[in-house]
Every structure is written in C-alpha cells, then in structure tokens.
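Chemist: Model the structure of this input:
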Amino acid sequence: MRIVLQRVAQAAVEVEGREVSRIGTGLVALVCVTHGDDAAVVTAAARKVAGLRLFEDAAGKMNLDLAAVGGELLVVSQFTLVADTSRGRRPSFEGAATAGLAEPLVELFVALLRREGFGVATGRFGAHMKLSLTNDGPVTLVLDFHSA
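Modeler: A predicted model of the protein is given here:
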C-alpha cells in the first residue's frame with residue numbers, strides 16, 4: 001500500500017461537475033492498494049496516518065496529530081501512485097491491485113479511521129475525479145506499507 005499524505009487547509013473532490021466531498025483543516029490521503037496488501041497492512045496504515053504528528057503546536061513545531069487539531073481526512077483511491085515508468089513513455093500500472101481487491105481495502109481504511117472518531121470524506125472509487133486542495137506548509141509525505 002502506498003499513500004501520499006498531504007496536510008491541507010481545505011480540500012474537495014468533484015465528480016461529473018458536482019462536488020461530492022469537502023474537508024477543512026486536515027489530511028488528504030491518496031491511497032493505492034498494491035498486490036499482496038491485506039487487512040493487516042491496511043490496519044497498520046490507518047494507525048500510522050491517525051497518529052502522525054504533522055500539525056504545528058504553539059511553538060511552531062510539528063508535534064500535534066490529527067485528533068489534537070480536530071482535523072478531518074479526505075481519502076481518495078489513486079492507482080497511479082505505483083506507476084512504473086522505467087520503460088518507454090507510457091506508464092505501467094501493473095503494481096496496483098485490481099478493483100476487486102482494492103475497493104474493499106480502501107473502504108476498510110476509511111472505516112478504521114472513522115472508528116477512531118475522525119470525520120472522513122472520500123472520493124468515488126473508479127470515477128474520474130477532480131481534486132482541489134490547499135496544501136498547508138507544504139507538508140507532503142509518501143508512506144509505503146507492506147505485508148509482513
């Protein structure tokens with residue numbers, strides 16, 4: 001599983017010209033499920049995302065996690081995060097799991113974060129989406145998780 005995590009002041013997703021999700025201060029998680037990912041990988045990823053201290057305290061240091069700032073999450077599935085561009089000019093996406101495996105694992109990721117008490121908005125799996133956001137900082141991390 002690969003996640004690109006961005007700290008944002010706000011973010012929104014549009015599908016077919018209509019806004020389907022919006023958050024204020026929080027995190028955007030672009031999520032790619034890869035071959036071999038399972039519930040254990042997703043659980044570890046959700047724990048990590050929920051606990052990362054990416055928000056500034058009164059001294060300006062990144063010491064606060066999402067809960068401490070009352071932040072929200074926007075989770076968007078994005079298979080292109082594992083693009084292989086090593087040959088030619090057309091990327092290969094063979095590293096991404098099939099929709100049949102990926103969609104339930106993305107849904108599990110969302111459910112686990114909601115169970116922790118976070119407001120979690122989502123994109124629409126498999127849809128062509130327009131994502132707008134205001135990256136705060138900017139703070140952007142690439143997180144990779146693998147089965148044990």
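Chemist: now the strands: where do they sit in this protein?
Modeler: Along the chain, counting by DSSP state E, strands occupy 2-15, 18-23, 26-32, 55-56, 62-64, 72-77, 120-122, 129-144.
Chemist: Adding mean pLDDT and distance to P104, write these out as CSV.
Modeler: From N, CA and C alone the C-beta is placed, and that goes for glycine too. Formatted as CSV, the strands of the chain follow (pLDDT from 0 to 100; distance: least, C-beta to C-beta, whole Å):
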stretch, mean pLDDT, distance to P104
strand 2-15, 98, 17
strand 18-23, 98, 19
strand 26-32, 98, 13
strand 55-56, 97, 30
strand 62-64, 97, 32
strand 72-77, 98, 11
strand 120-122, 98, 14
strand 129-144, 97, 19
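Chemist: so which of the ones you listed comes closest to R114?
Modeler: strand 120-122 (5.1 Å; C-beta to C-beta).
Chemist: and F125, how many neighbours does it have?
Modeler: Per other C-beta atoms under 10 Å, the neighbour tally for F125 reads 14.
Chemist: meant to ask about A67, not that
Modeler: 13.
Chemist: Same check on A99?
Modeler: Neighbours of A99 under the rule other C-beta under 10 Å: 14.
Chemist: Could you tell me which helix of this protein is the longest one?
Modeler: Longest helix in the chain, counting residues (DSSP state H): helix 99-115.
Chemist: on that earlier part again, how about the strands of the chain in CSV, adding distance to E107 and mean neighbour count?
Modeler: Shown next, in CSV, are the strands of the chain (distance: least, C-beta to C-beta, whole Å; neighbours: other C-beta atoms under 10 Å):
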stretch, distance to E107, mean neighbour count
strand 2-15, 15, 20
strand 18-23, 15, 15
strand 26-32, 11, 25
strand 55-56, 26, 20
strand 62-64, 28, 14
strand 72-77, 9, 24
strand 120-122, 9, 20
strand 129-144, 16, 14
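Chemist: Pull up the gap between L81 and Q10, please.
Modeler: To Q10, L81 is 22 Å away according to C-beta to C-beta, to the nearest Å.
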